[in-house]
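S.K.: When you get a sec, could you give me coordinates for this:
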Amino acid sequence: MMSNEPPQGAQSADPVRVKTLQVKVRPQHWAWLDAAAIEANFVWNYANELCHKAAKPFAGPGKWLSGFDVVNLMAGAHREFAHLTQATINKIAIEHGNKRQTARRTRLSWRKSGGTRR
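M.R.: All right, here's what the predicted structure looks like:
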């Protein structure tokens, strides 16, 4: 007889619960959020290109950059952006490093802000 219960002695895996927060954004803030998203995608793509060029340089051995290395290379970049702080840029760089480490790839997918291939 089949049952949905695990056999005795086996550990049952509790299901993971994910709660999604829904927030209503007023229309007057849409432009600011779109501009901030474009800047965040720019930072992601810059970290992506930086890590790829370091891993496969024109000459010499390559270097695998971690999120910490990219944070040090992006120091002071917040002055060029109107909507992002340095803490946000650091979190994007660390997240990029973690995703790249998990995927074991020198380059991840580009983040697109607009256009036909979005």
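
S.K.: Where does pLDDT dip in the protein?
M.R.: Under the criterion pLDDT under 70, the flagged ranges of the chain are 1-13, 116-118.

S.K.: rerun at 80
M.R.: Residues of the chain that meet the criterion pLDDT under 80 lie in 1-14, 59, 114-118.

S.K.: In this protein, which helix is the longest?
M.R.: helix 30-55 (DSSP state H).

S.K.: Go through that helix and flag the buried ones.
M.R.: Buried positions in helix 30-55, judged by neighbour count with 16 or more other Cβ atoms under 10 Å: 36, 39-48, 50-52, 54-55. Every C-beta, even on glycine, is put in place using the N, C-alpha and C of the backbone.

S.K.: now stretch 87-99
M.R.: Buried, per 16+ other Cβ under 10 Å, within stretch 87-99: 88-94, 96-97.

S.K.: next one: stretch 70-80
M.R.: Buried, per 16+ other Cβ under 10 Å, within stretch 70-80: 70-71, 74, 77-78.

S.K.: Could you export the residues you listed to TSV, including columns for distance to T106 and secondary structure?
M.R.: As requested, the buried residues of stretch 70-80 are arranged in TSV below (distance: Cβ to Cβ, whole Å; DSSP: H, G, I helix; E, B strand; the rest coil):
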residue	distance to T106	secondary structure
V70	13	helix
V71	18	helix
M74	18	coil
A77	22	helix
H78	26	helix
